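1. heads up, no residue letters with this:
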Ligand code: ADP
């Protein structure tokens, strides 16, 4: 089973012609509200591709929180590890421009109340433990410690990037970053497998044991909204590993899933099942 320790956010998306500069006010020409958050997105992506997935996180007692949990559960994710806490549910404001570029501001809210003891208790029976940086350091460290105890593979997506707490990385850890984050990773990953996503160009995979670097080229697509592509990539990568693919095979599946999601608006709502991805690959 895959256990994702991560965030759930209500995404409020505004479609704009161009991303505004500081001090400017512009009109959006469309808006939508949808379930998001890196943890929720990654869990949904992996579950839709056939993995057995549980999400550990926190939402508020508000309607947004109820909707977030319902949306993740509808994708087949076990949500018994999602706590209700006394804080507003996490929220993100997403601007998407005509070139499918985005700009995102996240207010962590309930996600920042996810405590280490709750993580330790909720991470059970895992072969893969996945986490990101929209939850507190203590929760990330607890997830890593549980992964070690269970002999599970720890998969870290340090996004949005901040200083990595000491002792997080080590042999067997898989680190997944985008290009910006890769530039900010200040060493410490020598013993880890590292995947760097490169947007429209696909991804690079560096395997620690062999020292080998593999380039995985993305299919050319007409991108309309790249929000949630990185999370779809993460979810698919772990679903592939859980299904027994090697790292290169799982990364190939992940690149395809990311490209598929770039062709549709929104994040979670645009994630494919294995059958949809198969059909799209053959089309
Ligand atoms: P993030 O969204 O986290 O910044 P990337 O932009 O690197 O991450 O995108 C993650 C993955 O999504 C890429 O590795 C690729 O598979 C897919 N992807 C993103 N944008 C495009 C695009 N324009 N065309 C094809 N695939 C894309």
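-> Arrived safely, thanks for sending. Fair warning: this is a prediction, and the values are worked out from it, not measured in the lab. Numbers count the residues shown, from 1 in each chain.
2. Sketch out the helices for the stretch 1-150 of the chain, chain order is fine.
-> Secondary structure of the stretch 1-150 of the chain (DSSP state H, counting those that start in this stretch): helices at 38-48, 63-74, 116-122, 137-150.
3. List the buried residues for the first one?
-> Burial within helix 38-48, assessed by neighbour count using 16 or more other C-beta atoms under 10 Å, is assigned to 38-48. In this view, the C-beta of every residue, glycine as well, is placed from N, C-alpha and C.
4. repeat for the third one
-> Residues of helix 116-122 classed as buried under the neighbour-count rule (16+ other C-beta under 10 Å) are 116, 118-120, 122.
5. what's the longest helix in this structure?
-> Longest helix of the chain, by residue count under DSSP state H: helix 247-262.
6. For the helix or strand that that helix is followed by, name the packing helices and strands.
-> Later in the chain than helix 247-262, the nearest helix or strand by DSSP states H and E is helix 274-282. Helices and strands touching helix 274-282, as assessed by 3 or more C-beta pairs under 8 Å, 6 or more residues apart in numbering; DSSP states H and E, comprise helix 247-262.
7. can we see that at 10 Å?
-> helix 38-48, helix 229-242, helix 247-262 (3 or more C-beta pairs under 10 Å, 6 or more residues apart in numbering; DSSP states H and E).
8. Show me the strands in the stretch 51-200 of the chain, by range?
-> 53-60, 78-85, 90-96, 102-107, 128-132, 153-157, 174-178, 193-197 (DSSP state E, counting those that start in this stretch).
9. Redo those strands as JSON lines? Include mean pLDDT, distance to residue 5 and mean neighbour count.
-> Putting the strands of the stretch 51-200 of the chain into JSON lines (pLDDT from 0 to 100; distance: least, C-beta to C-beta, whole Å; neighbours: other C-beta atoms under 10 Å) gives the following:
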{"stretch": "strand 53-60", "mean pLDDT": "98", "distance to residue 5": "5", "mean neighbour count": "29"}
{"stretch": "strand 78-85", "mean pLDDT": "98", "distance to residue 5": "8", "mean neighbour count": "18"}
{"stretch": "strand 90-96", "mean pLDDT": "96", "distance to residue 5": "14", "mean neighbour count": "22"}
{"stretch": "strand 102-107", "mean pLDDT": "94", "distance to residue 5": "17", "mean neighbour count": "15"}
{"stretch": "strand 128-132", "mean pLDDT": "98", "distance to residue 5": "4", "mean neighbour count": "27"}
{"stretch": "strand 153-157", "mean pLDDT": "98", "distance to residue 5": "10", "mean neighbour count": "25"}
{"stretch": "strand 174-178", "mean pLDDT": "97", "distance to residue 5": "15", "mean neighbour count": "23"}
{"stretch": "strand 193-197", "mean pLDDT": "98", "distance to residue 5": "19", "mean neighbour count": "23"}
